[in-house]
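In: My questions concern the predicted model and sequence given below.
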Amino acid sequence: MRLELKGLTKKFGSFTADDDIDLVVEPGQIHAILGENGAGKSTLMNMLYGILTPTSGEILIDEEPVSFNGPGDAIAAGIGMVHQHFKLVGPFSVADNVQLGREHTQGMGVLSAKAARNAVRQVSEEYGLKLDPDAICEELPVGVQQRVEIVKALSGPKTELLILDEPTAVLTPAEITELLQIMRNLAAAGTSILFISHKLKEVQAVADTITVIRRGKVVAELEPTASEAEMASAMVGRAVTLQVDKTPAEPGEARLEVKDLTVVSDAGVKVLDGLGLTVHSGEIVGLAGVEGNGQTELARSILGLVKPDEGHISIDGKDMHGTSPAARIAHGLGYIPEDRGRDGLVAEFSVAENLVLNQYRETPFSKRGAVNAGAVRKRAVDSIAEFDIRTQSPEEPASALSGGNQQKVIIAREFSRPRRFLVAAQPTRGVDVGATEFIHSRLIAERDTGTGVLLISSELDEIYALADRIAVIYNGRIVGEVAPDTPREVIGRLMVGGDIAAPDDAPAAPEAEAPEAPETDAPETDEEANGGDR
Amino acid sequence: MAVDTMTSSPAVVDESVPTRFIKPGTAFSVLGLLLIVIAFAVVSTGDTTTIAFDRTLTDVEWALPTTACVAVLGAIAAAAGAWMLVGLPKRRLKLVSAVAVTAFVLGLLFWAYSQPGTVFRAESILAGALFLSLPYLFGALSGVVCERSGVINIGIEGQFLMGAFTGVLVANVTGNVYAGMVGAMIAGLLSTMLLALLATKYQVNQVVVGVILNLLALGFTSFMYDQLKKAEGLNSAFSVPTLSWGPLADIPVLGPVLFQQKIFVYIGLALVFVVWFLLYRTRWGLRTRAVGEHPAAADSMGVNVNRLRFWNVTLAGLISGFGGAWFTIANSLAFGKNMTAGLGFVALAVMIVGRWNPLGVLAGALIFGFTTQVARDLDASGGSVVPGEFLQMLPYVVTLVVVAGLIGKAKAPAADGVPYNPGDK
C-alpha cells in the first residue's frame, strides 16, 4: 500500500494540532515519525485511522483519495493500528479482543469460539508472536498485551499498513529487540509501517525514512543514517545533550529501609516475597527488572497504598507501619507514580490544582480552611515556567495535556516541597527526549542535595544513566545488588532469575533470551545469587 | 540450577492452608448462638413447626419439634462461624458462609412458623416465590441489557408503570389480553427510547434522565388513571390462565412450582437463558460487553458505540415493559396509581446482587421472591411472633446479609454510565 498525506490539517478550536502535513509511505517501508509529546503525532494517526476527521487536506491510498467516517472504514481500507493507550477490553480473552468488530460466527450471529481461537493461533504463528488465545487480557503482562494489539491489528481483512503509536514505551529491552525484529519481518513481507516514536535508538535501528514533526508541522526529513544528536535537535528545536553528567555519589545515612516485605495479591500470589532493600541519602538506587516482578507493589507499599502482609518499611529512620500515605508524604516522602493517569493526577482538575494536590492544606495555599486561589495560581505560573510545562493556561484540565507534560506536572509538584526520600517509578515513561533530559538532570540534582532516590525503571538505559547502585528484582525478591558498571548481560540474566556468573559455554548475549534457551551445563557452584530453585 | 529457575513462577499462597476470618466468623457465631438462645428461651417446649405439601400430597404433614430444629440449625451456623475463627482453607470460605446463612434463615423460618395455626405450606410458598420473583427478574434483566452496554437505566420503575398501565388499557380496548402484553412491551420500549436518545445522542447524565422518566411515568399514568375512571370498560382487570402440564403438575413440590404456572413464569425463565446466551455466545453480546467495558476499544475496531447503546437500551424497554404487565395482567388486577411500589428500584439491586449476569439475576430474584412470599404468608396467617412490618423488611435484610456476606465486591461494567464521545481515550 502506498499512503500519501497532502496538506493534512486538524484544528481544535483555535488550537492547530496538525498544520499542513505532507507525507508519503511507500509499500514495504518503515516510516518513522519523530516528535516530542504534544507535537501532533497522535492526532495525525487518529485522522489516519478515522477516529478524528481532518479539518482540511486529504489522505490518498494508492493514489485514490479516501475519507474515513470511523475506524471501521480505515480497517476495511487495510490500515491496522496499535494504540499507545492499549485498546483492549480487560476482562475479555485474547481471542475475543482480536475478533471484536469482525467476529467469527457460525451463522445467526452466534460466535464460534473455536474459529476465533484458530484465527489467533494462525496469525501468531505466521508472524512468530506467541499468544495463548484463552488468556484474559487484564491478567497479561504489558508486553504480552502489546503483542495482542499487534495480532489484532494484523488480523484485519487485509492489513497492508500498520500504524504503531509509541509501541516501545512499555516494553522491556528484550521485548523491544523482539518488536523491532517483527517490524523488519513485516516490512520485508510487504507491509508498510508507520512507526511513531521519540526513542532515537529504535528509530535509527529500524526506520527507512524519518519525518520529524514539531508543533504540528513537518520540520525535517531525515535518513536513518542521521546521528542521534541531529534527530534530537530537529525534534526539540535546539541542541540537546543526551549524556547525563554526574559526580560520584556520597551516600549518607539510610533514608529507606525495607525488611522482609511480603505482599500477597488477591489471587494468592506472593508478589513481594520477603524483599529487603536499603537506600541511603545522596544516592540513586536503580531497581531493574522485567515488569510485573513486584516493582509496582513495592512502590505502592512504600507510599502506603498497599498494606503489606509482612515486613517493615522505614522512611528516614521512622517505621511507617500502619501510617497513611498523607502521613508519609508529610514525613518527607516524594512519589512519582508509574501510572500517572491512575495515581498521579486528577485528570479533570486543572494544572494549577494538580500542582498543589499534596500541599493544598498548607500555607500559603490554604487560609483558615479556604483555598487561596491567588497563591495556587502563582505556584502554577512559577512551576509552568520552571518546568517548561506546555499548557495553554494554568486552568486547563490536566487531561488536556500530553503525556510528557502531565509527567512534568507531577515532577514539578514533587520537587516543589521539602523531601527526604523520593520514589521515582518509570519517571520518563512516554516522555520525549527534551523532557527526559530535563527529568534526569533534576533527579541527579535531587540526589546531590542529599535526598535518597529509588529509581524504578524497566529501561536499562535509564538505570545505567542515573543509578549509583543497581538492585535487580525478580519474582518479588532482590536477586542481586551490583555496581553501576556491571555489564548488561549480567543484569539481563539476573532479571530473568539467572546467576551473576556467566555460564562457561553460553555466549554473552546482549539481552536475556527466551526462557527455554537451553544452557544445561551451567556451573552449579555459585552460592551468592540464589536464583530461587523453589 | 541457574537456568531452570528462569521458568519458575512467583511463590503462591497455598489456598488449602487454614486462614482465620475474624469478622464473618464472629458474625456467624453470634447469630448461631442467638438462635440457640431463642430455641431454649423464647420457644416454648412442645411447640411444633408443621410443613405441609398442600397441593399434591394433601394428607402429608410433618410436624417437627421447633426447639430442637432451631437449636440444631443455630448450632450449624455457630459451628460454621467457629470454624472460620479457628481457621479454614480459603477455598472453602464461600461454601461454609453459604451453609451458615442458609442455616440461620431456616432457623428463623422454623421459629416463625412455630405458632399454632401457622403451617409452612411448602408447595404454595415455593410456587408463589417463583411468581413473585418475576418483577425483579424482568426489571433486572432489562437493567443487565442496558448496563452491560454502559447505560444506567434507573427508570425501570417508570417502565413498569407504563407497561402495567398500557397493558390493561390495550387489553380493554382490543378485548385481547395477549394484545395487552404486546402493548405493555411497546410502552416500555417507547419510554426507554427517550432514555436511549438522551443518553447517547445528547449525552445527558443518565441517572438524572432515569429519575425524571420515573416521575414522568408516575404522573402520566396517575393522570390517565383518573381520566379512565370516568369511562366504563377501559381499566377492567384481565387475566391469563394458569397453564397445567397434565401429569407433570402432580409431582410433589416440582409440579406446583414449575408445571402449574402462568405464562409469565415460563417467559421469565426462558428469558434468563436467552439473555445469557445472547450476552455470552453471540456477536451482539460480545460487542455489548465490549462497549460497556471499554467503548474506545470497541470504537477502534469499527463498532458504532452509541448506535449499539441506543438499540440495547431501547430493546431493554421491551423486557421491562413486559415486566410491567406482570403487575396488572399476571396478577389479574386493574391498574392502580403507583401500583409498582418501588419494585423497579429493587430490581436494580437484584441486578447488582446478580453481578450483571442473567444467571446471577435469577438467583437474586428467587431470594427476593422467596422472602417476599414468606413475609406475605406469615403476615396473612396472623399468627406470627414477628410483627408484619418487620416481616416486610425481611427481603431487604436478607439481601444485606447475602450481599455483604457472600457476594462481596460486585464489579460493574467499567464504562457503566459514562457517555462516549468518539476520540476519547
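Out: Perfect, thanks for sending it. Residues are numbered from 1 along each chain as shown, chains lettered A, B, ... in the order given.

In: For the rest of this, base every contact and every neighbour count on C-alpha atoms.
Out: Will do.

In: after the helix or strand containing residue A:122, next one along is what?
Out: Element membership for residue A:122, per DSSP states H and E: helix A:113-127. Moving toward the C-terminus from helix A:113-127, the first helix or strand encountered (DSSP H and E) is helix A:142-154.

In: Just list what that following helix packs against, helices and strands only.
Out: strand A:79-82, helix A:94-99, helix A:113-127 (3 or more Cα pairs under 8 Å, 6 or more residues apart in numbering or on different chains; DSSP states H and E).

In: 10 Å instead, please
Out: Applying 3 or more Cα pairs under 10 Å, 6 or more residues apart in numbering or on different chains; DSSP states H and E, we find helix A:142-154 packed against strand A:79-82, helix A:94-99, helix A:113-127, strand A:161-165, helix A:173-188.

In: Three-state assignment for the residue in the stretch 51-200 of chain A that chain B sits nearest to, please.
Out: When scored by Cα to the nearest Cα, the stretch 51-200 of chain A has residue A:72 as its residue closest to chain B, at 3.7 Å. Under the three-state scheme (DSSP: H, G, I helix; E, B strand; the rest coil), residue A:72 adopts helix.

In: number of nearby residues for it?
Out: 21 (other Cα atoms under 10 Å in any protein chain shown).

In: and the gap between residue A:76 and residue A:192?
Out: 16 Å (Cα to Cα, to the nearest Å).

In: Tell me which of these two has more neighbours.
Out: More crowded of residue A:76 and residue A:192, by other Cα under 10 Å: residue A:192, with 26 against 15.

In: phi, psi of the more buried one?
Out: Phi and psi for residue A:192, reported as degrees, to the nearest 10, are phi -80, psi 150.

In: and it, what are its bridge partners?
Out: Note on residue A:192: beta-bridge partners residue A:161, judged by DSSP bridges.

In: doesn't residue A:81 make contact with it?
Out: No - judged on Cα atoms under 10 Å, residue A:192 makes no contact with residue A:81 at a distance of 11.8 Å.

In: list the residues that contact both of those two?
Out: Any residue near both residue A:192 and residue A:81 by Cα atoms under 10 Å, 6 or more residues apart in numbering or on different chains counts here, and that gives A:159, A:161, A:162, A:163.

In: Chain B - how does it break down into domains?
Out: With domains defined by automatic domain parsing, chain B comprises B:18-114, B:135-407.

In: Enumerate the residues of the stretch 101-250 of chain A near chain B.
Out: Applying Cα under 10 Å from any Cα of the partner chain, one finds that the stretch 101-250 of chain A approaches chain B through A:101-113, A:152-153, A:156.

In: Among those, which one sits closest to residue B:219?
Out: Among these, residue A:109 lies closest to residue B:219 (Cα to Cα), at 40.7 Å.

In: roughly how far apart are the residue sitting nearest the centre point of chain B and chain A?
Out: Closest to where the C-alpha atoms of chain B average out (Cα atoms, centre = their mean) is residue B:365, at 2.1 Å. According to Cα to the nearest Cα, to the nearest Å, residue B:365 and chain A sit 25 Å apart.

In: so what's that residue up against?
Out: B:129-130, B:132-140, B:346-347, B:349-351, B:353-354, B:359.

In: which residue does chain B bring closest to chain A?
Out: Nearest to chain A, among the residues of chain B, is residue B:302, at 3.7 Å (Cα to the nearest Cα).

In: Backbone torsions only: list them for that residue.
Out: Torsion angles, degrees, to the nearest 10, at residue B:302: phi 80, psi 10.

In: ok, and the closest non-adjacent residue to it?
Out: residue A:72 (3.7 Å; Cα to Cα, 6 or more residues apart in numbering or on different chains).

In: pLDDT value on the residue of the stretch 51-200 of chain A closest to chain B, please?
Out: At residue A:72 the predicted local distance difference test score is 87.

In: again with residue A:284
Out: 94.

In: ditto for residue B:65
Out: pLDDT, residue B:65: 87.

In: Please apply the same query to residue B:15.
Out: 69.

In: got the buried residues for stretch A:138-157?
Out: A:142-156 (16 or more other Cα atoms under 10 Å in any protein chain shown).

In: and if you look at stretch B:266-282?
Out: Neighbour-count burial for stretch B:266-282 [16+ other Cα under 10 Å]: B:268, B:271, B:272, B:275, B:276, B:278, B:279, B:280, B:281, B:282.

In: any idea which helix or strand carries residue B:359?
Out: Using DSSP H and E, residue B:359 falls in helix B:358-381.

In: what sits opposite the spatially closest residue to residue B:16 that is not a sequence neighbour in the beta ladder?
Out: The spatially closest residue to residue B:16, leaving aside those adjacent along the chain, is residue B:89, at 4.6 Å (Cα to Cα, 6+ apart). On the basis of DSSP bridges, residue B:89 is bridged to residue B:18.

In: Likewise for residue A:212?
Out: Going by DSSP bridges, residue A:212 forms beta bridges with residue A:34, residue A:220.

In: check contacts around it.
Out: Taking Cα under 10 Å, 6+ apart as the criterion, residue A:212 is in contact with A:32-36, A:39, A:41, A:198, A:218-222, A:231-232, A:234-236.

In: Can you check the pLDDT for the closest residue to residue B:161 other than its chain neighbours?
Out: Nearest residue to residue B:161, sequence neighbours excluded (Cα to Cα, 6+ apart): residue B:324, at 6.0 Å. What the model reports as pLDDT for residue B:324 is 96.

In: Is it correct that residue B:324 is in contact with residue B:182?
Out: No - judged on Cα under 10 Å, residue B:324 makes no contact with residue B:182 at a distance of 11.1 Å.

In: okay, these two: which has more neighbours?
Out: For residue B:324 and residue B:182, the more surrounded residue by other Cα under 10 Å is residue B:324, and the numbers stand at 35 against 20.

In: quick one: that one is in a strand?
Out: No - under the criterion used here (three-state DSSP), residue B:324 is helix, not part of a strand.

In: Now do the same contact list for it.
Out: Taking Cα under 10 Å, 6+ apart, we find residue B:324 in contact with B:135, B:138-139, B:156-167, B:181, B:184-185, B:187-188, B:318, B:330, B:339-340, B:344.

In: What distance do you get for the closest residue to chain B within the stretch 151-300 of chain A to residue A:299?
Out: Closest residue of the stretch 151-300 of chain A to chain B, Cα to the nearest Cα: residue A:269 (4.1 Å). Residue A:269 is 17 Å from residue A:299, where distance means Cα to Cα.

In: before we move on, what about residue A:489?
Out: Distance from residue A:489 to residue A:299, by Cα to Cα: 26 Å.

In: again, but for residue B:300
Out: Counting by Cα to Cα - residue B:300 and residue A:299 are separated by 33 Å.

In: So what's the residue count around residue A:461?
Out: 11.

In: And it, how far from chain B?
Out: Distance from residue A:461 to chain B, by Cα to the nearest Cα: 23 Å.

In: Show the low-confidence segments of chain B, by residue range.
Out: Counting by pLDDT under 70, the low-confidence segments of chain B come to B:1-13, B:15, B:382-386, B:388, B:401-410, B:423-425.

In: hmm, back to that, partner residues bridging the residue of the stretch 151-300 of chain A closest to chain B?
Out: Legend: beta-bridge partners of residue A:269 under DSSP bridges are residue B:12.

In: now residue A:359: how far from residue A:122?
Out: Taking Cα to Cα, one finds residue A:359 at 54 Å from residue A:122.

In: doesn't residue A:33 make contact with residue A:197?
Out: Yes - here residue A:197 reaches residue A:33: they are 6.4 Å apart, a contact under Cα under 10 Å.

In: Pull up the overlap in contacts between the two.
Out: Looking at what touches both residue A:197 and residue A:33 (by Cα under 10 Å, 6+ apart), the common residues are A:41, A:165, A:166, A:203.

In: what's near enough to touch the nearest residue to the third one once chain neighbours are set aside?
Out: What sits nearest to residue A:166 in space, not counting adjacent residues and going by Cα to Cα, 6+ apart, is residue A:197, at 4.9 Å. Taking Cα under 10 Å, 6+ apart, we find residue A:197 in contact with A:32-37, A:41, A:164-169, A:203, A:430, A:432.
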